[in-house]
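Enquirer: Sequence and computational prediction follow.
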Amino acid sequence: SSSEAVSSEIHGVDLVSKLPTREGWPGPPLVLYKNYWLRPLYVATIMGLQNSGFKPRHDDIILATNPKCGTTWTKALIFAINNRFRYEFGSHPLLFRHPQELVPSIETPRDGNISYIEKLPSPRVLGTHMPPSLFPKSMVSDGFRVVYMCREPKDVFVSLWHFQKEIFKDNTTSLEAVFSMFSEGFSTFGPFWDHCLEYWRESIASPEKVLFLKYEDMISEPVKYVIRLAMFLGVPFSTKEEEDGIPEEVVRLCSFEKLSNLDANQTGEFTLSGNRVLKKSAFFRKGKVGDWVNHMSEEMGRKLDCIVEEKLKGSGLVF
Ligand code: A3P
């Protein structure tokens, strides 16, 4: 079917190999596709999506993130909020399954096949790392809502560096070597700030359709933001639920301490394309705000702060 046409080849021409590339991060070189630097495989998938006719539904929730901004956590939170009438907290699917399995992502559907996502019952929650400018044309907004989770760039960089080393089993690339790349915008789904800004602007233009969240805010006041998230998702907590401490239950169930210690998240591996495997535990490293100070010099920190400040100037978005 057309929905399975996840291919970057058109009439036998490999389109990905024609794009500019940039080496330096562990793994294959990044490829420039419509102003964003992506892994070749993502380019292929996203190009394939363009031709697949993939259509969001009016009641879809799209969870959008730049990698390492708290995707796994937000997937868990949204799943717990949406399904709180279906499951007891003591025997919850989140206790037995990895959040990345419970909430699929558009670009990495199970079995690499978009038809899996098309068969899911409504209302769907779908992850994506795509900025709006990379959405397939068929994805023009049809009422679906977007939750965007953002994070302080220095912590994103440090988290990304650890994660890329883990994915590509690379112990030779130094943090310093990729720091300047990140600072110049060369990172997966980078430039990081362009990604943030696209969603930031959409959230200002249509706050009822795009909820812009920050990892640091969520960490410091999780209950407040879980209540806000539920409201945005269209399943607000009742007064009775708030009195009964249900938002707190959601926060506890999805906390780093709770999730990272579960067997489902500690053991086992995901199979990635190209026969690569990734430990399920790789999505849980530290879960802290400000861990960058343990890996970067103050000077590097100041340098990235300056760049980001300059890039975001006038937008109203600050970290
Ligand atoms: P660190 O590497 O800084 O620890 P993503 O899910 O987008 O890949 O982001 C991963 C980051 O979110 C990692 O950051 C990870 O530890 C952190 N994380 C995972 N689960 C979390 C949770 N339940 N609460 C807070 N942070 C979490």
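Expert: Arrived safely, thanks for sending. This is a predicted model, so every value here is computed, not measured.
Enquirer: switch to C-alpha atoms for all contacts and neighbour counts from now on
Expert: Will do.
Enquirer: Give me the pLDDT for Phe186.
Expert: Confidence at Phe186, expressed as pLDDT, is 98.
Enquirer: Flag every residue of the stretch 151-300 of the chain that's near the ligand.
Expert: Within the stretch 151-300 of the chain, the positions lying close to the ligand (Cα under 6 Å from any ligand atom) are 155, 159, 254-256, 259, 283-288.
Enquirer: redo that, cut-off 8 Å
Expert: Residues of the stretch 151-300 of the chain lying close to the ligand by Cα under 8 Å from any ligand atom are 155-156, 158-160, 162-163, 215, 219, 254-260, 282-289, 291.
Enquirer: buried subset of those?
Expert: Buried subset of these (neighbour count, 16 or more other Cα atoms under 10 Å): 155-156, 158-160, 163, 215, 254-256, 259-260, 282-284, 287, 289.
Enquirer: mind listing which of these are in helices?
Expert: 155-156, 158-160, 163, 215, 256, 259-260 (DSSP state H).
Enquirer: can you list those residues in TSV and add pLDDT?
Expert: Formatted as TSV, those follow (pLDDT from 0 to 100):
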residue	pLDDT
Asp155	98
Val156	98
Val158	98
Ser159	98
Leu160	98
Phe163	96
Tyr215	98
Phe256	98
Leu259	98
Ser260	98
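Enquirer: Could I get the phi/psi values of the residue nearest in space to the middle of the chain?
Expert: Centroid-nearest residue in the chain, with Cα atoms, centre = their mean: Thr65, separated by 3.4 Å. With angles defined as degrees, to the nearest 10, Thr65 sits at phi -150, psi 160.
Enquirer: Quick check: it touching Tyr148?
Expert: Yes - in this structure, Thr65 is within contact of Tyr148 by Cα atoms under 8 Å, at 5.7 Å.
Enquirer: what sits against the residue nearest to the centre of the chain?
Expert: 71, 127-130, 148-150 (Cα atoms under 8 Å, 6 or more residues apart in numbering).
Enquirer: just Ser260 next, same as before
Expert: By Cα under 8 Å, 6+ apart, the neighbours of Ser260 are 266, 281, 284.
Enquirer: how about the helices in the chain?
Expert: Using DSSP H, helices in the chain cover 40-52, 71-82, 99-102, 114-118, 153-167, 175-183, 192-205, 215-220, 222-233, 239-243, 246-253, 256-260, 263-266, 298-312.
Enquirer: Out of these, flag the one nearest Gly274.
Expert: For these, the distance to Gly274 is smallest for helix 40-52, at 9.7 Å, taking Cα to Cα.
Enquirer: Next, see if that closest one gets close to the ligand.
Expert: No - taking Cα under 8 Å from any ligand atom as the criterion, helix 40-52 and the ligand are apart, separated by no less than 15.6 Å.
Enquirer: Centre of the chain to that helix, how far?
Expert: How far helix 40-52 lies from its chain's middle: 17 Å, per Cα atoms, centre = their mean, to the nearest Å.
Enquirer: Nearest to Gly48, out of the contacts of Thr65: which one, please.
Expert: Comparing those against Gly48 with Cα to Cα picks out Met130 as the nearest, at 13.4 Å.
Enquirer: if we can go back for a sec, what pairs with the residue nearest to the centre of the chain across the strands?
Expert: Met149 (DSSP bridges).
Enquirer: rewinding a little: possible to save the contacts of Thr65 as a markdown table with neighbour count, pLDDT and distance to Ser17?
Expert: Below are the contacts of Thr65 laid out as a markdown table (neighbours: other Cα atoms under 10 Å; pLDDT from 0 to 100; distance: Cα to Cα, whole Å):
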| residue | neighbour count | pLDDT | distance to Ser17 |
| --- | --- | --- | --- |
| Thr71 | 24 | 98 | 29 |
| Gly127 | 26 | 96 | 27 |
| Thr128 | 19 | 96 | 23 |
| His129 | 22 | 97 | 22 |
| Met130 | 21 | 96 | 20 |
| Tyr148 | 27 | 98 | 31 |
| Met149 | 24 | 98 | 31 |
| Cys150 | 27 | 98 | 31 |
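Enquirer: give me the subset of these touching the ligand.
Expert: Thr71.
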